[in-house]
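Chemist: dropping a prediction and its sequence here:
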Amino acid sequence: MNNLNSILIEGNLVRDPLLRSTSKGTQICSMSIASNRYYKHDSNAAYEKEVSFFDVETWAKLAEVCYAKGKKGRGVRVVGRLKQNRWNDTDGKWHSRISIVAEHVEFRPEFRKEGRPPVDSFDDEDYSGNESAEPEMEMAGSRHAEKELEAVAF
């Protein structure tokens, strides 16, 4: 029986994603996400901001999509699992690094500059590493709801 290992994180991409492939040709996309947390030390204090950075990797088709859709500053929501890499350096010292292996990625909508309306790309902004799974549908207004219903009907 596997133990539970699941994480959900929201934030913004710190830099453009990097795409590479294994020796067998499987695509891997690496991304870094900054996630903000706001808190107060006491009830009279102003809010303070704490930023945490997380390394995320995606595989196969999900990696290709993340590389194509991701860019520095874009908001993302990632659902996945934690993975620990351990290695021994040339001096014999052990190192450890924890990263997130994404199984599902959602991109926040992009907005055009100079006061133009938002880019309407809601339909294809939700991706899952499991191609047989249906994406979660969020009703974000009647116009988007109609498009989602059309997509589900096919």
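Modeler: Okay, I see it. Numbers count the residues shown, from 1 in each chain.
Chemist: give the contact list for the residue most central in space within the chain.
Modeler: The chain has residue 78 as the residue nearest its centroid, 3.6 Å off, counting by Cα atoms, centre = their mean. Under the criterion of Cβ atoms under 8 Å, 6 or more residues apart in numbering, the neighbours of residue 78 are 7, 8, 9, 10, 33, 56, 100, 102, 104, 105, 106. The C-beta positions use only the backbone N, C-alpha and C, and glycine is treated the same way.
Chemist: grab the nearest non-local neighbour of it.
Modeler: Spatial nearest neighbour of residue 78, excluding adjacent residues (Cβ to Cβ, 6 or more residues apart in numbering): residue 102 at 4.8 Å.
Chemist: okay, the helix or strand containing that neighbour in CSV with CA atoms only?
Modeler: In this structure, residue 102 sits in strand 94-107 according to DSSP states H and E. Extracted as CSV, the C-alpha positions of strand 94-107 are listed here (Å, rounded to 0.1, in the frame of the first residue of the first chain):
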residue,chain,number,x,y,z
TRP,A,94,25.4,13.8,0.9
HIS,A,95,22.9,16.2,-0.5
SER,A,96,19.1,16.2,-0.7
ARG,A,97,16.6,18.2,-2.7
ILE,A,98,12.8,18.0,-2.7
SER,A,99,10.8,18.9,-5.8
ILE,A,100,7.3,18.6,-7.1
VAL,A,101,6.3,16.2,-9.8
ALA,A,102,3.2,17.7,-11.4
GLU,A,103,0.2,15.5,-12.3
HIS,A,104,-2.2,18.3,-13.1
VAL,A,105,-1.4,21.9,-14.1
GLU,A,106,-3.8,24.9,-14.5
PHE,A,107,-2.8,28.2,-16.0
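Chemist: run the chain-centre distance for the helix or strand that contains the residue nearest to the centre of the chain.
Modeler: For residue 78, the enclosing helix or strand under DSSP H and E is strand 75-88. Distance, stretch centre to chain centre, for strand 75-88: 11 Å (Cα atoms, centre = their mean, to the nearest Å).
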